[in-house]
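Student: Sequence first, then the predicted structure:
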Amino acid sequence: MKFAPLAAAFVLATTSAAALADDHSEQAEAVAKPSIDMSIEQLVADERSKAILEKHLPGISSHPSYGQFKSMTLVQLQPWSGGMITDEGIAKIKADLEAIEQE
């Protein structure tokens, strides 16, 4: 019975590894489904959503201040955009992002 704690530790470790694998699968799935609630950096990392951003906000990914706002969502950036990001624009981007999910 000296190996019982070792066996228990092994079962716990493999169970935890399986749980982590499931978590990573969910994260990968989340990345595969761009949404308006993601940071601009996350959206730019996906070529499909980057194309949508560039369509509605040309030059956003190459903007000189990109490093300062890339961790924000479009809604968070909107007040600082000088009117470039409107409610209507966000709605159009959201609709285009949701269309990606259906593909």
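Tutor: Arrived safely.

Student: going forward, measure contacts and count neighbours with C-alpha atoms only.
Tutor: Will do.

Student: So what's the residue count around the closest residue to S49 other than its chain neighbours?
Tutor: Leaving aside its sequence neighbours, S49 sits nearest to L43 (CA to CA, 6 or more residues apart in numbering; 5.3 Å). Neighbour count for L43, taken as other CA atoms under 10 Å: 25.

Student: For L43, what are phi and psi?
Tutor: phi -70, psi -40 (degrees, to the nearest 10).

Student: One more: the one 5 residues further on?
Tutor: Torsion angles at R48 (phi, psi; degrees, to the nearest 10) stand at phi -70, psi -50.

Student: tell me the SS of I36?
Tutor: Following DSSP: H, G, I helix; E, B strand; the rest coil, I36 is assigned to coil.

Student: separation between it and P64?
Tutor: 22 Å (CA to CA, to the nearest Å).

Student: between these two, which one's more packed in?
Tutor: Neighbours were counted for I36 and for P64 using other CA under 10 Å; I36 has more, 19 against 9.

Student: count of residues packed around S61?
Tutor: By other CA under 10 Å, 20 other residues sit near S61.

Student: Regarding the residue nearest to it when sequence neighbours are not counted, which helix or strand does it belong to?
Tutor: The spatially closest residue to S61, leaving aside those adjacent along the chain, is V44, at 6.7 Å (CA to CA, 6+ apart). With secondary structure defined by DSSP states H and E, V44 is part of helix 40-45.
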